[in-house]
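> have a look at this fold, sequence not included:
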């Protein structure tokens, strides 16, 4: 989070960082270019050099969110030569951590991706999250660690499981079960289901 007035450096990055903080605290309706300029101590017109309007800011925030998520998922998928099952579990933990730590941003990311006319960049980045998981599923199938089936469909099911868990956690619906414990149990059940039968 940006502390105090903005003085130097990359204004675009500072605007996005402050925008995520405002998004988390107040929701998308609390975001305005003028408000961000005030928070950062720059002229009201300064943000317009980077974002033509509020929607451009929201889209850039979604792009930034997907870029960060995909970077983290990619790192987990290629974790140093671990077996596929361990890397799939790492992907699951990575997604839950991101979803719980950036709830408002993730909601904005999905809203922007499924808008009437998302940018090609946003569509591609949103789809890349699924492809990272699907590629690891396909690798697991080649090595006999993952059951046969369409890797994209298997990735969708895996995403739905960890996203559902994160959603319950954010809504405080896990009762007395600590999130790390719930995550490990969910991943154990998911990975058991992904193994070939027999």
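Perfect, thanks for sending it. These figures come from a predicted structure and were not determined experimentally. Numbering: from 1, shown residues only.
> switch to C-alpha atoms for all contacts and neighbour counts from now on
Noted.
> thought residue 38 was touching residue 44?
Yes. Between residue 38 and residue 44 there is a contact under C-alpha atoms under 8 Å: 7.1 Å.
> identify the residues contacting residue 93.
Counting by C-alpha atoms under 8 Å, 6 or more residues apart in numbering, residue 93 makes contact with residue 183.
> scratch that, residue 138
In this structure, residue 138 makes contact with 146, 151, judged by C-alpha under 8 Å, 6+ apart.
> can you check residue 132 too?
70, 73, 74, 77.
> again, but for residue 77
Residue 77 neighbours (C-alpha under 8 Å, 6+ apart): 87, 88, 90, 91, 132, 133, 136.
> next step: those residues restricted to helices.
87, 88, 90, 91, 132, 133, 136 (DSSP state H).
> three-state assignment of the most centrally placed residue in the chain?
The residue lying closest to the centre of the chain (C-alpha atoms, centre = their mean) is residue 69, at 4.2 Å. Three-state call for residue 69 (DSSP: H, G, I helix; E, B strand; the rest coil): helix.
> if I read this right, it contacts residue 98, doesn't it?
Yes. Judged on C-alpha under 8 Å, residue 69 makes contact with residue 98 at a distance of 7.0 Å.
> quick check, pLDDT for the residue nearest to the centre of the chain.
Predicted confidence (pLDDT) for residue 69: 97.
> could you check how far it is from residue 47?
25 Å (C-alpha to C-alpha, to the nearest Å).
> so, low pLDDT: which residues of the chain?
The chain contains residues with pLDDT under 70 at 1-9, 81.
> repeat that for 80
For the chain, the stretches flagged by pLDDT under 80 are 1-9, 79-81, 198.
> next, count neighbours for the residue nearest to residue 169 when sequence neighbours are not counted.
Closest residue to residue 169 apart from its sequence neighbours, by C-alpha to C-alpha, 6 or more residues apart in numbering: residue 179 at 6.7 Å. Neighbours of residue 179 under the rule other C-alpha atoms under 10 Å: 20.
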